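Enquirer: Whatever this is, show me its structure:
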Amino acid sequence: MPILDLHSLDFFSRSPEQTRRLGARLGAVLRPGDVICLQGELGAGKTTFVQGVARGWGAQDTVSSPTFILVNEYRRADGSLLFHMDAYRLASVPEAEELDLDSLLADGPLLIEWPERIDGLVPPEHLWIKLEHVDEEERELKFKAAGGRYDELLDVIRRAVGGG
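Expert: This is a model prediction of the structure:
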């Protein structure tokens, strides 16, 4: 598990369940305003990671890819919300602006799949996770923190994978 610098971390997940467990550790500490960006090709494990985040966060709803509705909301018993956006089908930045990310962030954490498609709208402070398909079960997750809050979240990930 190489630590590239204090703001980044590479991790190899050996199974979908390991990817979910890592997501659950992150989900357990998310709060409104947190932005988690998930970049990776189809099948790279983005939705699998989100399933773990939602589980750790305490979501009562089943996680599915929001490809056709753009944003899924997952509820917790206390009524708080976790937002899961899929920017893949957004045709333009103005279309993305209509989703009003600021109002979503005021209400809960936001997970964005395909964040590179809405470049310029992603808040400057975020946790960026690039997922890469290694083989049938294994995925490489490259974490990059931008901002103090996201260094804290990266530390949670680092501890979860045994790196400190």
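Enquirer: Can you classify residue 47 as helix, strand or coil?
Expert: helix (DSSP: H, G, I helix; E, B strand; the rest coil).
Enquirer: where's it relative to residue 145, distance?
Expert: Per CB to CB, to the nearest Å, residue 47 is found 22 Å from residue 145. (Each C-beta comes from the backbone N, C-alpha and C, glycine too.)
Enquirer: in what helix or strand does residue 85 lie?
Expert: strand 81-86 (DSSP states H and E).
Enquirer: ok, residues contacting that strand?
Expert: 27, 30, 50, 53-54, 57, 59, 63, 65-67, 70-76, 99, 104, 107-114 (CB atoms under 8 Å, 6 or more residues apart in numbering).
Enquirer: Mind picking out the helix or strand in this structure with the poorest mean pLDDT?
Expert: helix 93-97 (a mean of 76; mean pLDDT, DSSP states H and E).
Enquirer: Could I get the buried residue list for the following helix or strand past it?
Expert: Using DSSP H and E, the helix or strand that follows helix 93-97 in sequence is helix 101-107. For helix 101-107, a neighbour-count test (16 or more other CB atoms under 10 Å) marks 101, 104, 105 as buried.
Enquirer: May I have the strands that pair with the helix or strand following helix 101-107, each with its orientation?
Expert: Heading C-terminal from helix 101-107, the first helix or strand you meet, by DSSP H and E, is strand 110-113. Here strand 110-113 has these sheet partners by DSSP bridges: strand 35-39 (parallel), strand 81-86 (parallel).
Enquirer: okay if I get these as a markdown table plus distance to residue 140, mean pLDDT and mean neighbour count?
Expert: Listed next are those as a markdown table, based on distance: least, CB to CB, whole Å; pLDDT from 0 to 100; neighbours: other CB atoms under 10 Å:
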| stretch | distance to residue 140 | mean pLDDT | mean neighbour count |
| --- | --- | --- | --- |
| strand 35-39 | 12 | 97 | 24 |
| strand 81-86 | 21 | 93 | 23 |
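Enquirer: Tell me which of these lies nearest to residue 119.
Expert: strand 35-39 (10.6 Å; CB to CB).
Enquirer: So which residues make contact with that closest one?
Expert: 26, 30, 46, 49-50, 53, 105, 109-116, 122-123, 125-131.
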